[in-house]
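Peer 1: Requesting a structural model of the entry that follows:
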Amino acid sequence: MASSLRVARWPPTTPPKGALVNLTRQLAAQWGERGVRVNALAPGYFPTELTGHLADAGFAQSIREHTLLARTPALEEIDGPLLFLATAASSYMTGQVLVIDGGWTAV
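Peer 2: Sure thing, here's the model as predicted:
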């Protein structure tokens, strides 16, 4: 998500995430003629160990306030986008980053 917008609070993590976006594009350009698709997922804050499973009430409220859907996600909501990229449903898609963040980066 930090690769999609300027996040001054987390400067050490923003450049590597931006690099992964460009790496996705570069690998897609290199491997496309061989029929290899390269895409990436850019999830927002999902309930995982890294986010403390969104157990902190203040953190969860902050997510709800910053997403257009005004809620926190369920972990299984990443499954659909992942399956989309892993199947023929995305057969004409390469070099793209699919952002799954409840609309955080849309505005």
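
Peer 1: Excluding residues flanking it in the chain, which one is nearest the residue nearest the centre of the chain?
Peer 2: Most central residue of the chain, judged by C-alpha distance to the mean C-alpha position with C-alpha atoms, centre = their mean, is Ala42 at 1.2 Å. By the measure of C-beta to C-beta, 6 or more residues apart in numbering, the closest residue to Ala42 outside its immediate chain neighbours is Val99, 4.6 Å from it. C-betas here are computed from N, CA, C, even on glycine.

Peer 1: Can you give me the distance of the residue nearest to the centre of the chain to Ile78?
Peer 2: When C-beta to C-beta, to the nearest Å is the yardstick, Ala42 and Ile78 sit 11 Å from each other.

Peer 1: Give me the common contacts of the two.
Peer 2: Jointly contacting Ala42 and Ile78 under the rule C-beta atoms under 8 Å, 6 or more residues apart in numbering are Ile100.

Peer 1: Under the pLDDT cut-off, which ranges of the chain? List them.
Peer 2: For the chain, the stretches flagged by pLDDT under 70 are 1-11.
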